[in-house]
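>>> Provided below for reference: sequence and predicted model.
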Amino acid sequence: MRTRMVIAYSYANPPDIVGASLMSSEGRQALDTLCDDSDAMRQVIIAHERTDYTEEKLRRCMLDAVIAQNPGHLVRSAIRVLRARSEGREPLASQERIRIEIYIREALGEGWRRTFRWQDGR
């Protein structure tokens, strides 16, 4: 209920929002609200978790992209960085590049096999 109210208020003030980025690990309620209460086809909507639900919304043109990261890699990287810093040394930069995958509807093909990969701008 609160999610619906916040999104409705946000889209009313100002009314010229052109997109939304759903950063929650479970953005189902927010995504449903965006699809129900706004014109999802006239805005850019990006989700930040790869799930069966976001894949279905992507296939049905309710999402424009899904950005996915490996949470296990994020945690391991954070631990390595903290450990290195606590030991007074620099972390190994090449090991701490966090890969993200960007999925778009046109590249879905068979399941999630075709993806665009981007690594830390390098």
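In hand now; what should we look at?

>>> hmm, Tyr18 is touching Gln43, no?
Just so we're on the same page, residue 18 is Val rather than Tyr. Yes: using CB atoms under 8 Å, Val18 makes contact with Gln43 at a distance of 5.4 Å. Backbone N, C-alpha and C define where each C-beta goes, glycine included.

>>> what packs against whatever helix or strand Tyr11 lives in?
Tyr11 belongs to helix 2-12 when assigned by DSSP states H and E. Helix 2-12 sits against helix 28-37, with contacts defined as 3 or more CB pairs under 8 Å, 6 or more residues apart in numbering; DSSP states H and E.

>>> which residues touch the spatially most central residue of the chain?
For the chain, the residue nearest the mean C-alpha position is His48 (1.2 Å; CA atoms, centre = their mean). Residues counted as contacts of His48 (CB atoms under 8 Å, 6 or more residues apart in numbering) are 21-25, 27, 66-68.

>>> swap in Leu34?
7, 20, 22, 40, 45 are the contacts of Leu34 under CB under 8 Å, 6+ apart.

>>> from the contacts of His48, which one has the minimum pLDDT?
Across the contacts of His48, the bottom pLDDT score, 64, is held by Ser25.
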